[in-house]
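Colleague: this is a predicted model, with the sequence first.
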Amino acid sequence: MTDERALRVSVWASAAFGVLALVWGVLSGSRLIVFDGLYSFAAVGLTLLAVLALRTARRGPDERYPWGREAWEPLAVVLKAAALAGLCLYALVGAVVEIVDGPTPIAVGSALVYGVVSTVAGLAITLVLRRLSRGGSDLVRAEAAEWAGDTLLSVGVLVGFAVAWVLTLTGRPEWAAYVDPVMVVLASGAFLPVPARLVVRGVRELLSMAPDDEVLAGLRAEVAAVAGERGYGESVVRASKVGGRLDVEVDFVVPASATVAELDEVRAALLDRLGTTSLTVGFTADRRWIV
């Protein structure tokens, strides 16, 4: 239940941030703070989608889903990341239009205070979620990455409004007005790689592609160890990661004299070493059947 607890923390924190940012942004006239609020509200709905996907995945296999429901997890990650990327692009275009048309003045002092509050609070939530995500699902790790990106946005808000405050104090309020839309452009552009990476990772899982090289290398090392213990000359490892499930298929070339009892011992040894619940092991005396 740690995953759901982490997602609930994210939902309530996002809702609080959304209300705070929208009210503060409207009162101060800052497009950047309003963008921060819209981002937080979007995160609320998308996190609820993540909770639904997590509960669905945990229902396990049945006649309708014979291999399990883990694909709902990467699907939720892809939808969430794509929506956040769209919001960033919308903010980016709006800020560029405002720069071209001429920005409107904002309450710099109020906006600077918001930057301090949002940065400190965002950092705190990020640290909490990272702690809860250790050993958790990809959904929780995606949530922690999202909050890390939002904290970077808050840092951008703080730095930008600090610059605007200095410009105002030095008698250049017309220049200070450009800081808000420029920071929207920089912040939204800097944050776009985060959902982009999540989309790529989620699509890889939906397409049942191989896991990271590090994971695959670890699997091959364990299989090679078992093959070496048994004196088998060759083995082939295939794997794919879908949500929290790691599907592994191992094929061995074995002597024709191998008994069923010996082969079952190999299966047991592999299951003990790999620790995966989705393991298929094949044996053949003819190399051509494992190509």
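Modeller: It's in. What you see is a predicted model; the values in this text were computed from it and never measured. Residues are numbered from 1 along each chain as shown.
Colleague: now name the helix or strand holding Val166.
Modeller: helix 138-169 (DSSP states H and E).
Colleague: for the protein, what spans make up the strands?
Modeller: Listed in chain order, the strands of the chain (DSSP state E) span 234-242, 245-253, 278-284.
Colleague: Serialize these to TSV and add fields for mean pLDDT, distance to Arg58 and mean neighbour count.
Modeller: Any C-beta I mention is one placed from the backbone N, CA and C, and that applies to glycine too. What follows is the strands of the chain, written out as TSV (pLDDT from 0 to 100; distance: least, C-beta to C-beta, whole Å; neighbours: other C-beta atoms under 10 Å):
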stretch	mean pLDDT	distance to Arg58	mean neighbour count
strand 234-242	88	14	19
strand 245-253	88	11	20
strand 278-284	88	15	16
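Colleague: now those as CSV including distance to Phe35?
Modeller: Converted to CSV, those look like this (distance: least, C-beta to C-beta, whole Å):
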stretch, distance to Phe35
strand 234-242, 34
strand 245-253, 36
strand 278-284, 42
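Colleague: stretch 243-251: how far from the chain's middle?
Modeller: Relative to the chain's own centre, stretch 243-251 is displaced by 21 Å; criterion: C-alpha atoms, centre = their mean, to the nearest Å.
Colleague: quick one, the helix holding Val166 and strand 234-242 angle?
Modeller: For helix 138-169 against strand 234-242, the angle by axes from the mean of the first three to the mean of the last three C-alpha atoms, to 10 degrees is 50 degrees.
Colleague: would you mark the buried spots in helix 138-169?
Modeller: Neighbour-count burial for helix 138-169 flags 138-165, 167-168 (criterion: 16 or more other C-beta atoms under 10 Å).
Colleague: now do stretch 183-194
Modeller: In stretch 183-194, counting by 16+ other C-beta under 10 Å, buried: 183-188, 191-192, 194.
Colleague: how much space between the closest residue to Ala42 other than its chain neighbours and Val93?
Modeller: Using C-beta to C-beta, 6 or more residues apart in numbering and skipping the chain neighbours, the partner closest in space to Ala42 is Leu87 (5.5 Å). From Leu87 across to Val93, the span is 11 Å (C-beta to C-beta, to the nearest Å).
Colleague: of the two, who's got more company?
Modeller: Just comparing Leu87 and Val93: by other C-beta atoms under 10 Å the higher neighbour count belongs to Leu87, 19 against 12.
Colleague: which residues are in contact with the more buried one?
Modeller: Counting by C-beta atoms under 8 Å, 6 or more residues apart in numbering, Leu87 touches 38-39, 42.
Colleague: 10 Å instead, please
Modeller: With contacts defined as C-beta atoms under 10 Å, 6 or more residues apart in numbering, Leu87 is in contact with 35, 38-39, 41-43, 188, 191, 195.
Colleague: flag the shaky bits of the stretch 1-150 of the chain, pLDDT-wise.
Modeller: Applying pLDDT under 70 to the stretch 1-150 of the chain picks out residues 1-2, 133, 135-139.
Colleague: all helices of it, in order?
Modeller: 2-28, 31-57, 72-101, 108-132, 138-169 (DSSP state H, counting those that start in this stretch).
Colleague: show me what the longest one is packed up against.
Modeller: It refers to helix 138-169. Where contact means 3 or more C-beta pairs under 10 Å, 6 or more residues apart in numbering; DSSP states H and E, helix 138-169 is packed against helix 2-28, helix 31-57, helix 72-101, helix 108-132, helix 173-191, helix 193-206.
Colleague: the ones you listed into a markdown table, with extra columns for distance to Glu249?
Modeller: Output for the helices and strands packed on helix 138-169, formatted as a markdown table (distance: least, C-beta to C-beta, whole Å):
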| stretch | distance to Glu249 |
| --- | --- |
| helix 2-28 | 27 |
| helix 31-57 | 21 |
| helix 72-101 | 20 |
| helix 108-132 | 33 |
| helix 173-191 | 38 |
| helix 193-206 | 17 |
